[in-house]
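[1] turn this into a model:
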Amino acid sequence: MDRDNDERRTTVVLLGTGTPNAEPDRAGPAVAVVVGKQPYLVDFGPGVVRRAVAAGFDPKKLTRAFLTHLHSDHTAGYADLILTPWTLEREEPLEIYGPPGLAAMTEHLLAAYEADIEERLGGLEPANERGCRVIPHEVESDGVIYEDENVAVEAFAVDHGSWEAYGYRFRTAERIVVISGDAAPTEIIVEKSRGCDLLVHEVYSASAFDDLPEEWRKYHAAVHTSSRELAEIASRAEPKLLVLYHQLLWGASEEELVAEVKEGYAGEVVSGRDLDVF
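    Next up, the predicted model:
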């Protein structure tokens, strides 16, 4: 095996494909872009660390993450991401990149768990002082927000109602990966996804949409992307592979959802499940 190529290999792991709906087989939204053995997380919904371990990751390497927006289903695993890898001997501070409000959320979470942190540091349990630290970086404009020897990460603003929300474009030596986060259709998603290797995009079933109560139809139409709208985005962007996640099915099957997208899109599309690898 070519060790250099193995260390630069890029994969994408869906750690969680869920929504606010409490589906037992879908953890909260979380995607890992992995270069070699180093994961870079996008969002940290409920169950994120256990899903990461199930995917084969060393929890000590959960040190970099990017948040699309502050909705609870995307952030309810934040305390888990801060504390669990630390108790499993992570020694490096956790660095998080995300929209305004991230620093305040971080401060409040650390305050909420202050007694736990003090007990672990001052009691009999072996614990280091760095692994529980968090360094939040608030994104304030589009552009490259992070770069190291493995990856360059570009943030771009998306439309998710009143939230300040971002999608992310990862460029590695091997691949370009775009992750939409929660987003209504906008031109910027087409632009940033054009010709990418992998587009991971949220979606809701257009066929099941009409059965929703009016207030929910109004909400979802304004801040999310239907299967038909995603087909148009993908037809213009032409990713090598389109992966659906954060699927709002409302009684439709995944096969039906994929078929809805394929009605308007001729490229390759799959409906993602937790722990799928691409």
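[2] how about the strands in this structure?
    Using DSSP state E, the strands assigned to the chain run over residues 10-16, 30-35, 38-42, 64-66, 94-98, 134-138, 143-147, 151-160, 163-172, 176-179, 198-204, 242-248, 269-271.
[3] nearest to Glu187, out of the ones you listed?
    Closest approach to Glu187 among the strands of the chain (Cβ to Cβ): strand 151-160, 10.2 Å. From N, CA and C alone the C-beta is placed, and that goes for glycine too.
[4] re the thing from before, buried deepest among the strands of the chain, which one?
    Burial of these is given as mean neighbour count (mean count of other Cβ atoms under 10 Å); strand 198-204 ranks first at a mean of 26.
[5] return the list of helices and strands in contact with that strand.
    strand 10-16, strand 176-179, helix 227-237, strand 242-248 (3 or more Cβ pairs under 8 Å, 6 or more residues apart in numbering; DSSP states H and E).
[6] got a pLDDT number for the residue nearest the centre of the chain?
    Geometric centre of the chain, nearest residue: Val42, 3.2 Å, by Cα atoms, centre = their mean. Per-residue confidence (pLDDT) for Val42: 98.
[7] now do the one 10 residues further on
    In the prediction, the pLDDT value recorded for Ala52 is 98.
[8] list the contacts for it?
    Ala52 is in contact with 15, 30, 32, 39, 41, 59, 62, counting by Cβ atoms under 8 Å, 6 or more residues apart in numbering.
[9] same question for Phe278.
    Phe278 is in contact with 11-14, 198, 241, 243, counting by Cβ under 8 Å, 6+ apart.
[10] do Asp197 as well
    Asp197 touches 175-177, 239-241, counting by Cβ under 8 Å, 6+ apart.
[11] excluding residues flanking it in the chain, which one is nearest it?
    In space, and not counting its chain neighbours, Asp197 is closest to Arg175: 4.1 Å by Cβ to Cβ, 6 or more residues apart in numbering.
[12] ok, now Glu232?
    Leaving out its chain neighbours, Glu232 is closest to Gly264 (Cβ to Cβ, 6+ apart), at 6.2 Å.
[13] how close does that neighbour sit to Val200?
    19 Å (Cβ to Cβ, to the nearest Å).
[14] show me the shaky parts of the protein.
    Counting by pLDDT under 70, the chain contains low-confidence ranges at 1-5.
[15] could you tell me the end-to-end distance of stretch 133-147?
    For stretch 133-147, the first-to-last residue distance is 21 Å (Cα to Cα, to the nearest Å).
[16] how far is it from where the chain is centred?
    Centroid separation for stretch 133-147 versus its chain: 15 Å, with Cα atoms, centre = their mean, to the nearest Å.
[17] cool, and stretch 117-130?
    Relative to the mean C-alpha coordinate of its chain, stretch 117-130 is positioned 30 Å out (Cα atoms, centre = their mean).
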